[in-house]
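**Student:** Sequence plus predicted model, see below.
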Amino acid sequence: MSTRNYFFSQFNSVPAFSARAPGRIEFIGNHLDYNGGPVLGAAINRYVTVAVGPRSDEKIVLVSAAQSDCIKTTLDAAEQPLSGAEAWGNYPLGMLKVMRDAGMSVYNGFNIAVTNDLPLGTGLSSSAALELATGYALAAFHGFALDRKRIAVLGRAAENSFVGMPCGILDQGTVAFGRAGALVLIDCEKETFSTRSLPAGTHFWIFNTLKKHSLVDSLYATRHRECAEAFEILRRADPVLINLAAASETQIEAARAALGTERFKRALHVARETARVHDTLDALDAGDLPRVGRNLTASHESSRLFFENSCDELDFLAERVAGAPDVFGARLSGGGFGGAVMAFTGSTFSEADAGGIVDAYAAKFGTKPSIFHAETGDGAELFDE
Ligand code: ADP
Ligand code: MG
C-alpha cells in the first residue's frame, strides 16, 4: 500500500506532504564517525516514507505500518521520550523536538503515517531514515526549508539526545547525501559531505545474521566511552590533538602503558581504519578494486581483533564471503555485535553463490541469514507518490 493510501486508511484524510529517506550501507570507516575520522557510506534504494497532514484538534497522532502501537500525544507531552512499545515514536518525536529547540515553530495538531520497504533494526539504519523523512515532511508542512547538512545534524541530535544513542554522523549523513551510483564521503571532524561515483559493474550484497547482541546499545556506548577516554589520555601528551582519528600509531604506541590494553586496541583500530579509508579513496581513484577489497577485509579483521565489535556469526560470514569468487572484500557493516556483513562484488557474484554461503552458515549456526542484493539509491527528499 502506498503511504498516501495508508495515511487515508488510518486518518480518513489525505496527507499534505510526504518525504522519504533511504537506508544506508557503511562501506568503510567502522566507528570512526564519533572519533572525527573519515567514513564512506552508500544510500540504498529501500526507504522509510513519512506522510504528514493536518488535524482539527490539538493532538499529534503517529502510526506506522511496521508498529502495532499508535501514539497519541501533544506538543507539550512530546517534550519527554516515550518507553516500551511506544519507543519507536522517539525517532519522529525526537526530530520534532530538535527542530523546535532550533527555533522552528510548529503548530499543534497533525497526523503522521509511516511506511517502509526498508527492514527495521538490521543495521541498515532505518532509525536515521525515519528521522530524516520525518524532518523533511514536518519542515514542508510547517513552511520552512532544511538543507541536507542541517537535516543530517538535526537527525543525529535527535538520536543522541532523545533516543539516547551516542551515534556519530555516518548514518544521518549518508541518508541525507546519498545518490544512486555513488558513495558518500564524510569528514566527521569538519562535517563536510561529498560523493564519489562507484566503479561500473560493482555490487553490494548484504548478509544479515538477524542476530543482535542483547546488550548492543550498552556495548556501543562502552566503545564510545573507551574512545573518548583514549583520546583524553593521548591529548595529555599532545595538547593540540583534535580527535582520536588524528592520533598516529606512533603516538598510540608511546602511550600504550597509560592507555591499558583495551583503550590501546580501540585507538589502534581507529588509527588504522582511518588510514584504510584514505587508501580506499586512493584505490577507487586508481580503479584498483582488489585493493579496495583488501581494505574492506582488513577492516573486518581490525573490528574482530582490536575494536572487538564482531561475533562468531559475522566472522564466519565475512570470511566465507570474502573468499567467494568475484568478491573484492567483505566486512561487518554498522555498529557490530550482530547485524550484517556487507560484500563488495563484481557482476558475476550470484544468488547461487550467496545461497551456498547461507547453507554453510545454517549448518554451523542452525539459522539462516537473510541475503539481499542492495542497489544504491538517492538520499532523503520530499516525495510525491
Ligand atoms: P537500524 O537503524 O539499523 O534499523 P535501530 O535499532 O537503530 O536499527 O533502529 C530501529 C528502530 O527504529 C526500530 O526498532 C523502530 O523503533 C524505529 N523505526 C525505524 N523505522 C521505523 C518505521 N518505519 N516505523 C516505526 N519505527 C521505525
Ligand atoms: Mg539505527
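**Tutor:** Received the coordinates, thanks. Ligands and ions are numbered 1, 2, ... in the order given.
**Student:** From now on I want contacts and neighbour counts done on CA atoms only, so please keep to that.
**Tutor:** Will do.
**Student:** Against which helices or strands is the helix or strand hosting residue 363 packed?
**Tutor:** Per DSSP states H and E: residue 363 is located in helix 351-365. Using 3 or more C-alpha pairs under 8 Å, 6 or more residues apart in numbering; DSSP states H and E as the contact test, the elements touching helix 351-365 are helix 312-322.
**Student:** how about the strands in the chain?
**Tutor:** With DSSP state E as the criterion, the chain has strands at 17-28, 38-54, 60-64, 71-73, 110-116, 182-187, 192-197, 203-212, 327-333, 338-345, 370-374, 381-382.
**Student:** List the contacts of the residue nearest to residue 141 when sequence neighbours are not counted.
**Tutor:** Nearest residue to residue 141, sequence neighbours excluded (C-alpha to C-alpha, 6 or more residues apart in numbering): residue 17, at 6.3 Å. Residues near residue 17 by C-alpha atoms under 8 Å, 6 or more residues apart in numbering: 51, 52, 53, 137, 140, 141, 382, 383, 384.
**Student:** Show me which residues of the protein are close to ligand 2?
**Tutor:** 125, 127 (C-alpha under 5 Å from the ion).
**Student:** Alongside ligand 1, which residues does the chain contribute?
**Tutor:** 48, 64, 66-67, 87-88, 114-116, 120-127, 130 (C-alpha under 6 Å from any ligand atom).
**Student:** If we use 5 Å, what do you get?
**Tutor:** 64, 88, 116, 120, 121, 122, 123, 124, 125, 126, 127 (C-alpha under 5 Å from any ligand atom).
**Student:** Report the buried residues of the top helix by length along the chain.
**Tutor:** The longest helix of the chain (DSSP state H) is helix 256-285. In terms of neighbour count (16 or more other C-alpha atoms under 10 Å), helix 256-285 has its buried residues at 256, 259, 262-278, 280, 283-284.
**Student:** Over to stretch 208-222?
**Tutor:** Within stretch 208-222, the residues that qualify as buried are 208, 209, 211, 212, 216, 219, 220, 221, counting by 16+ other C-alpha under 10 Å.
**Student:** The most centrally placed residue in the chain: what's it in contact with?
**Tutor:** Residue closest to the average C-alpha location in the chain (C-alpha atoms, centre = their mean): residue 171, at 3.2 Å. Going by C-alpha under 8 Å, 6+ apart, residue 171 touches 24, 125, 128.
**Student:** Alpha carbons of stretch 8-23, as CSV, please.
**Tutor:** What follows is stretch 8-23, C-alpha atoms only, in CSV (Å, rounded to 0.1, in the frame of the first residue of the first chain):
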residue,chain,number,x,y,z
PHE,A,8,-6.0,7.7,4.3
SER,A,9,-6.9,4.3,5.8
GLN,A,10,-5.7,5.5,9.2
PHE,A,11,-7.0,9.0,9.3
ASN,A,12,-9.7,9.2,6.7
SER,A,13,-8.0,12.3,5.2
VAL,A,14,-5.2,12.9,2.7
PRO,A,15,-1.7,13.9,3.7
ALA,A,16,-0.3,17.4,2.9
PHE,A,17,3.3,16.4,2.4
SER,A,18,5.3,13.2,2.2
ALA,A,19,9.1,12.6,2.4
ARG,A,20,11.2,9.5,2.1
ALA,A,21,14.7,8.6,3.2
PRO,A,22,16.8,5.6,2.3
GLY,A,23,18.6,3.0,4.3
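**Student:** Can you lay out the contacts of residue 17 as CSV showing neighbour count?
**Tutor:** Formatted as CSV, those follow (neighbours: other C-alpha atoms under 10 Å):
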residue, neighbour count
51, 30
52, 25
53, 20
137, 25
140, 18
141, 20
382, 20
383, 16
384, 11
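**Student:** from the residues you listed, which is closest to ligand 1?
**Tutor:** residue 51 (11.5 Å; C-alpha to the nearest ligand atom).
**Student:** That closest one: what's it in contact with?
**Tutor:** 3-4, 7, 15-19, 112-114, 134, 137 are the contacts of residue 51 under C-alpha under 8 Å, 6+ apart.
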